[in-house]
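Asks: Build me a structure from this.
(one chain, ligands or ions: 1)
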Amino acid sequence: MKFRVLAFALAAMAPLPTLAAPKAEGPQFGAFGIDLTARDTATWPGDDFWSYANGGWSSRTAIAGDTDAVGVAPTLARESQERVRVLLEDLAKSSRADTNGRRIGDLYASWMAQSDIEMHGLRPAAPYLARIADVRSAKAVQGLMADIDYSAPIALGVSANPAEPTRNIVTVSQGALGLPRDYYLNDEARYVAIRRDYLVYIERILAAGGYANPHARATAILALEVALARTQSTRAEQREDSRSRTVTLATLQAELPQWDWPQLLKAAGLEGATEVLVSDVDALRALGALTESQPVSLWADYLAYRFLSDHAEVLPNAFASARFDFYAKTLTGVTTPPARWRRGVTLMNQEWMGDAVGQVYVARYFPPEAERQVRTIFDDVKEAFRIRIEQSPWMDAQTKVGALEKLSTLTARIGSAGQVADYSTLRIDRTDLLGNVVRLARFRRERERQSLATANPPDYPVNPVSGNGYYYAAANSITLEAGLLRPPFFDPAADPAVNYGAIGVFLGHEMGHAFDDQGSRYDAQGRVRDWWSPASRAAFAQRITALKAQYGAYDVLPGLKVDSALTLGENIADLGGLEAAHLAYQRYVARTGPAPILGGLTGDQRFFLAQAQTRRTKLREDVARQLAAIDTHAPSVLRANGAMRNNDAWYAAFKVEPKDKLYLSPDQRVRIW
Ligand SMILES: [Zn+2]
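Replies: Next up is the predicted model:
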């Protein structure tokens, strides 16, 4: 249930139209944790539950000019930005900061030193552009593509080895282009217009970089990306873990002879690997062929454009404003740039040193007592999930053994940071922002290279301030970042029905990922291993086919359908999360006595209402369209309505009947867990 934010748009968070002032005691929202004024009580719950829960808020809330979305995630992000700003400014001034603290402070200071950035002009980028200008052969182009300093349509990295998750392995896959794949290939007028603006963007970047004939060069670059997009895997294909294969370097060389693999690994700073996890083989083959068939000068232009575009925000304003005009204005409809400090804080949290910033944040803002409370809910939801598996009518005994074993080893990181890197070997210069960013990427790559040598439990960086939550299959572990564990997701002062309906469903959702169409391929130790009987797998497939059919019929916008393959895993998790958390809540009530009526609402009603209020989000239409192409989550409205209408307890709680628009007859409801 990660909050996906777009490349630029994560900077742009809405002002808080209705942010409640912190109270001395009691919950942040309303008398028991739900904002009753956010509802639209004229909407019948059974017709459109999201609007019943959020319609009042929706009708009085507009999306501000410097933002692409408004709602729960943007509000939490904005509050976190304000908290972190204070921490960063203190560190930037402090002479007593420790190793990591000093580097955080200096890096943030180099971001805020805008006049230095203008004064240096293109000089900091010159050495990197000179290396590109020196390439004379396709092999040299390929070498730069693999180099950590450059981004390219091929991506080399490191991840847990699916066969042995305590070991890491080098990964090779297709790399991102400047736009989502479909934007290059769709012939509708809207996309033709976007490509026209994208061409102007490329041209502006090249002109700012001092390249002659920018229009002609940009035209050739766009044509090249269109050709690449044709060969690349779709987003839905990319989330299929089974497309990845572990192969020896010799096998890879035989399958993809267009590339010199030992040389490529060396260029990537990952030399010495004997095995790699490869995906998107067809795209890599086509890319390799294009590096040979297209002129070296075109590839040099392409690499220069990508370098300048990807670093535009840390270069002078000519680059940064070009990037804002295209990626924010054109693609998302944001009209004014957010304050510079906001963007800096976001980059610090999400792109640069999020683990170290998070450590400071957690110490200040996330008390151990909050962790204890959330862990109790985690334990309850996990027990409910166990009962659901045990009682499953379609899973056979043999497969249940594997599923229960997997659930029993599932762990949770709640709020706290993972391993924080020791940045003592990283040089941060208060007057060299681009250099800092490049050195940071190299620093990370060196850590990845070192991680190949030893066996360790799978770890992965966590940016606690970002406020994400996710399941990581190789570790069989759920992470809930501290920035998330605030109202409306979790409020220590809220009614239990509210917390089970909000963070409880979130936890159940993440557990659901352990058993979704992809996660179910990993076992209790995080290995890719098939522990399913053919009969159980077939019964599972039948249920998810029915779910796919439901979601495939929904519209994101008029004429634009939900991608039911891309969103399948999230939709499975949404259903399971709701079932498990509701059972956990029922068991809580059985343990502690009947739930009171509060604000005229039963406990079950509050549970579902709290859940729907965590889905409170409004997006600009362009953003909704873009997310439909790349996001693995269905739109928020559907995540509420789509999951609820498959849940029997929701029908009972709100007296939903056949005449209602969301009604499904019991045999049409999909229940997986
Ligand atoms: Zn998810």
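
Asks: ok, residue 309 - how many residues close by?
Replies: By the measure other Cβ atoms under 10 Å, the count of residues near residue 309 is 23. (Glycine included, C-beta is placed from N, CA and C.)

Asks: ok, the residue nearest to it when sequence neighbours are not counted to residue 79 distance?
Replies: Leaving out its chain neighbours, the residue that sits closest to residue 309 by Cβ to Cβ, 6 or more residues apart in numbering is residue 205, at 5.2 Å. Residue 205 sits 34 Å away from residue 79, going by Cβ to Cβ, to the nearest Å.

Asks: Compare neighbour counts for those two and give me the winner.
Replies: A side-by-side neighbour count of residue 205 and residue 79, using other Cβ under 10 Å, places residue 205 first with 27 against 16.

Asks: Doesn't that one lie inside a strand?
Replies: No - counting by DSSP: H, G, I helix; E, B strand; the rest coil, residue 205 falls outside a strand, being helix.

Asks: tell me the contacts of it?
Replies: Residue 205 makes contact with 305, 308-309, 312, 319, 322-323 under the criterion Cβ atoms under 8 Å, 6 or more residues apart in numbering.

Asks: what are the ranges of the strands in the stretch 401-550 of the chain?
Replies: 411-415, 469-472, 477-481 (DSSP state E, counting those that start in this stretch).

Asks: So which of those strands is nearest the ion?
Replies: With Cβ to the ion, the closest approach to the ion among the strands of the stretch 401-550 of the chain belongs to strand 469-472: 6.7 Å.

Asks: The biggest strand by length in the chain: which residues count as buried?
Replies: In the chain, taking DSSP state E as the definition, the longest strand is strand 164-174. For strand 164-174, burial by neighbour count (16 or more other Cβ atoms under 10 Å) applies to 164-174.

Asks: again with stretch 427-445
Replies: Within stretch 427-445, the residues scored as buried using 16+ other Cβ under 10 Å are 428, 430, 432-441, 443-445.

Asks: Please apply the same query to stretch 63-81.
Replies: 63-64, 66-81.

Asks: Residue 448: what's it in contact with?
Replies: For residue 448, the contact set (Cβ under 8 Å, 6+ apart) comprises 157-158, 168, 270.

Asks: Out of those, name the ones that lie in strands.
Replies: Judged by DSSP E, these include 157-158, 168 as members of strands.

Asks: Among those, pick out the one closest to the ion, please.
Replies: Distances from the ones in strands among the contacts of residue 448 to the ion were compared by Cβ to the ion; the smallest belongs to residue 157, at 21.6 Å.

Asks: The closest one contacts residue 171, correct?
Replies: Yes - with contacts counted by Cβ atoms under 8 Å, residue 157 reaches residue 171, the gap being 4.8 Å.

Asks: Would you mind measuring from the residue nearest to residue 309 to residue 214?
Replies: From residue 205 over to residue 214 (counting by Cβ to Cβ), the distance is 8 Å.

Asks: how near is residue 259 to residue 224?
Replies: Counting by Cβ to Cβ - residue 259 and residue 224 are separated by 18 Å.

Asks: likewise residue 490?
Replies: Using Cβ to Cβ, one obtains 48 Å as the distance from residue 490 to residue 224.

Asks: elements contacting the lowest-mean-pLDDT helix or strand in the chain?
Replies: Here the helix or strand of the chain ranked lowest by mean pLDDT, DSSP states H and E is helix 235-238, holding a mean of 82. With contacts defined as 3 or more Cβ pairs under 8 Å, 6 or more residues apart in numbering; DSSP states H and E, helix 235-238 has no helix or strand neighbours.

Asks: Pop out the phi and psi values for residue 259.
Replies: Backbone torsions of residue 259, given as degrees, to the nearest 10, read phi -110, psi 150.

Asks: Could you give the number of residues near the spatially closest residue to it that is not a sequence neighbour?
Replies: In this structure, residue 259 finds its nearest non-sequential neighbour in residue 288, 5.1 Å apart by Cβ to Cβ, 6+ apart. Residues within reach of residue 288, counting by other Cβ under 10 Å, total 19.

Asks: surely residue 288 meets residue 260?
Replies: No - applying Cβ under 8 Å, one finds residue 288 not in contact with residue 260, separated by 9.8 Å.

Asks: Which residues are in contact with residue 282?
Replies: Going by Cβ under 8 Å, 6+ apart, residue 282 touches 231, 233.

Asks: The helix or strand that contains it versus strand 164-174: what angle between them?
Replies: Using DSSP states H and E, residue 282 sits within helix 281-293. Relative orientation of helix 281-293 and strand 164-174, computed by axes from the mean of the first three to the mean of the last three Cα atoms, to 10 degrees: 40 degrees.

Asks: and residue 393, how many neighbours?
Replies: Each residue near residue 393 was counted by other Cβ under 10 Å, and the total is 6.

Asks: before we move on, what about residue 187?
Replies: Neighbour count of residue 187, defined by other Cβ under 10 Å: 6.

Asks: Could you verify that it is part of a strand?
Replies: No - Residue 187: not assigned to a strand; according to three-state DSSP it is coil.

Asks: Retrieve the pLDDT associated with residue 340.
Replies: According to the prediction, residue 340 has pLDDT 96.

Asks: residues near it, how many?
Replies: By the criterion of other Cβ under 10 Å, residue 340 has 13 neighbours.

Asks: residues contacting it?
Replies: Neighbouring residues of residue 340 by Cβ under 8 Å, 6+ apart: 111-112, 114.

Asks: which stretches of this protein aren't confidently modelled?
Replies: 1-24, 417 (pLDDT under 70).

Asks: So it: which segments form each domain?
Replies: Listed by automatic domain parsing, the domain ranges of the chain are 27-82+367-410+487-668, 120-337.

Asks: For residue 482, give me its contacts.
Replies: Residue 482 touches 358, 361-362, 365-366, 415-416, 464-465, 467, counting by Cβ under 8 Å, 6+ apart.

Asks: list the contacts for residue 345?
Replies: 81, 84-85, 88, 108.

Asks: what about it, helix or strand, and which?
Replies: Residue 345 belongs to helix 340-347 when elements are defined using DSSP H and E.

Asks: Residue 358 now?
Replies: Assigned by DSSP H and E, residue 358 belongs to helix 354-365.

Asks: buried stuff in that helix?
Replies: For helix 354-365, by 16+ other Cβ under 10 Å, it's 354-362, 365.

Asks: do stretch 123-134 as well
Replies: By neighbour count with 16+ other Cβ under 10 Å, stretch 123-134 contains the buried residues 124-125, 128-129, 131-132.

Asks: Can I get it as PDB, trimmed to CA atoms?
Replies: Coordinates of the C-alpha atoms in stretch 123-134 are reproduced here as PDB (Å, rounded to 0.1, in the frame of the first residue of the first chain):
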ATOM      1  CA  ARG A 123      30.700  23.900 -14.300                       C
ATOM      2  CA  PRO A 124      29.900  21.100 -11.800                       C
ATOM      3  CA  ALA A 125      28.400  19.000 -14.600                       C
ATOM      4  CA  ALA A 126      31.300  19.500 -17.000                       C
ATOM      5  CA  PRO A 127      33.400  16.500 -16.100                       C
ATOM      6  CA  TYR A 128      30.400  14.100 -16.500                       C
ATOM      7  CA  LEU A 129      29.500  15.600 -19.900                       C
ATOM      8  CA  ALA A 130      33.100  15.400 -21.000                       C
ATOM      9  CA  ARG A 131      33.200  11.700 -20.400                       C
ATOM     10  CA  ILE A 132      30.100  11.400 -22.700                       C
ATOM     11  CA  ALA A 133      31.700  13.600 -25.300                       C
ATOM     12  CA  ASP A 134      34.700  11.200 -25.400                       C
END
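
Asks: sorry, back to before: just the contacts of residue 482 now: which is nearest the ion?
Replies: Looking across those and measuring by Cβ to the ion, the closest to the ion is residue 467, at 14.0 Å.

Asks: For that closest one, give its distance to residue 652.
Replies: Using Cβ to Cβ, residue 467 is found at 33 Å from residue 652.
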